[in-house]
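**Q** Provided below for reference: sequence and predicted model.
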Amino acid sequence: MVEVKIFRVEGEILSPSYRTTFSKDVRALKPEHAVEKVYMELGSQHRVKRVHMKLHSIKEITWEETENLLIRDLSRE
């Protein structure tokens, strides 16, 4: 059985119209899947292309460390 992990992806959006930092917790099987999910979610929410997003870190966290209540409830053992 494959274990779903929680990853915290941190980075910044360097759009021509604005600049901001972000930290997003996502559930994924591998770090590569977490990066893809962050690109998809931020791109659709903020209308930003991938070239305007710069990722600084991707790390695996436990369900106790996440601030997202939905992820915490889905991942609780």
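**A** The structure has been received and is ready for your questions.

**Q** was I right about residue 49 contacting residue 43?
**A** Yes - between residue 49 and residue 43 there is a contact under CB atoms under 8 Å: 6.8 Å. Just so you know, the C-beta spots here come from the backbone N, C-alpha and C atoms, and that holds for glycine as well.

**Q** Counting neighbours around each, name which of those two comes out higher.
**A** residue 43 (15 against 9; other CB atoms under 10 Å).

**Q** Could I get the average pLDDT for the lengthiest helix in the chain?
**A** Among the segments of the chain that qualify as a helix by DSSP state H, the longest is helix 31-46. The average pLDDT within helix 31-46 is 95.

**Q** Who is residue 57 paired with across the strands?
**A** residue 10 (DSSP bridges).

**Q** Can you tell me how far it is from residue 11?
**A** Using CB to CB, to the nearest Å, residue 57 is found at 8 Å from residue 11.

**Q** Please say which of these two ends up with more neighbours.
**A** For residue 57 versus residue 11, neighbours defined as other CB under 10 Å are more numerous around residue 11 (18 against 10).

**Q** per-residue confidence for the more buried one?
**A** pLDDT at residue 11 comes out at 97.

**Q** Please tell me I have it right and it contacts residue 52.
**A** No - look at residue 11 against residue 52 with CB under 8 Å: they stay out of range, at 10.7 Å.

**Q** For residue 67, which non-adjacent residue is spatially closest?
**A** residue 25 (6.8 Å; CB to CB, 6 or more residues apart in numbering).
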